[in-house]
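K.L.:
Model the structure of this input:
(one chain, ligands or ions: 2)
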Amino acid sequence: MNDDIPFDARIVEAKIKWARQGRKPYPPPTSSRKDRLPPGQHEARGWPVLDLGITPTVTPETFRLDVTGLVDRPRSFTFDDLMALPQTEDVSDFHCVTTWSTFDNRWAGIRFRDLCRDVGPKASAAFVTFGSYDGYTTNLPFDACVDDDVLIVHAWNGRPLERVHGGPFRMIVPKRYAWKSAKWLRSVEFHADDRPGFWEVRGYSNTAFPFDDDRFSS
Ligand SMILES: Nc1nc2c(c(=O)[nH]1)N[C@H]1C(S)=C(S)[C@@H](COP(=O)(O)O)O[C@H]1N2
Ligand SMILES: [Mo]
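P.N.:
Ligands and ions are numbered 1, 2, ... in the order given. Below is the predicted model of the structure:
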C-alpha cells in the first residue's frame, strides 16, 4: 500500500475516514450553475492545492518521464523531448473528491494520445498506471486516457504550471475526479491487468466519475 511514501498522515487519514463512512464530505451544492457542477460539488475560489503533503522539486533539467510496460518503444523522455511532441490546448473543468471544482481551466500540453503514438502501446495494454515524484500512483483504463481532453500539461491559464500544482508536468483527466490526474508526472506504465493506485487501495472509487457521485468503492 505505498507504505514507503513519507506522506502527511493527517491528510491521508481524514480522506480514508470519508471513504470508510462512504459519506459525502459536505452538504449538497447551492450553486446556480448546477448544469456543469457534478452532485455534491461547489465552485472553488482560486485553485486549491491538494496532495500528500510532499512537494517534490523537479526542474526541466532533472525531469524524466519513463514510459514502460506493454509498449513497442519504451522511452525515457526529457523535458525537451516532451516539448518536441505536438502541442495542444484545451479548456476543461476539474473536480476534486473533497467537493471543490474549478471551471474553465485553460491547459497547454501534450495529448496523452500523442505520447502513445510515440511509444506504441501493444494491443494487450488495457490499463495505465501513472507514477509521480512524490511516490503517488493512480490507475486508469487505457481507453479513458486517449480522449481528446486527456493531457500531459505544462501550463495553466497561460502560465507555466506551478510546482505546487505538479509542475513541470502533470496529467489532466477532466472526466474523472482529480485524484486520477497525477501531479509531478514521473512514469507511465502500461499493463494487461488493472492495478489500483494510492487512493484506489484506500477506499476511493476505481472509476471516479464526478457526474455519478462516484467517490468511494462500495
Ligand atoms: N503526485 C500526486 N498527484 C496527485 C495527488 C498527490 O497527492 N500526488 N493528489 C491528487 C488529488 S486528490 C487532487 S484533488 C489533485 C489536486 O491537484 P492540485 O493540487 O493541483 O489542485 O491532484 C491529484 N494528483
Ligand atoms: Mo482530490
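
K.L.:
What helix or strand is residue 66 located in?
P.N.:
Under the criterion of DSSP states H and E, residue 66 resides in strand 64-69.

K.L.:
Strand partners (parallel or antiparallel) of that strand?
P.N.:
Paired neighbours of strand 64-69 in the sheet (DSSP bridges): strand 75-78 (antiparallel), strand 185-191 (parallel).

K.L.:
Compare these and give me the one nearest residue 161.
P.N.:
If you check each of the strands paired with strand 64-69 against residue 161 by C-beta to C-beta, strand 185-191 wins as the nearest, at 10.5 Å. No exception for glycine: its C-beta is placed from N, CA and C like everyone else's.

K.L.:
Other residues contacting the closest one?
P.N.:
Contacts made with strand 185-191 from outside it, assessed by C-beta atoms under 8 Å, 6 or more residues apart in numbering, are listed as 64-71, 115, 121-122, 125-133, 142, 152, 166, 169-171.

K.L.:
so of the strands paired with strand 64-69, which one's packed in deepest?
P.N.:
Across the strands paired with strand 64-69, averaging neighbours per residue (mean count of other C-beta atoms under 10 Å) puts strand 185-191 on top, at a mean of 21.

K.L.:
and the gap between residue 214 and residue 206?
P.N.:
Plainly put, residue 214 is 9 Å away from residue 206 if you go by C-beta to C-beta, to the nearest Å.
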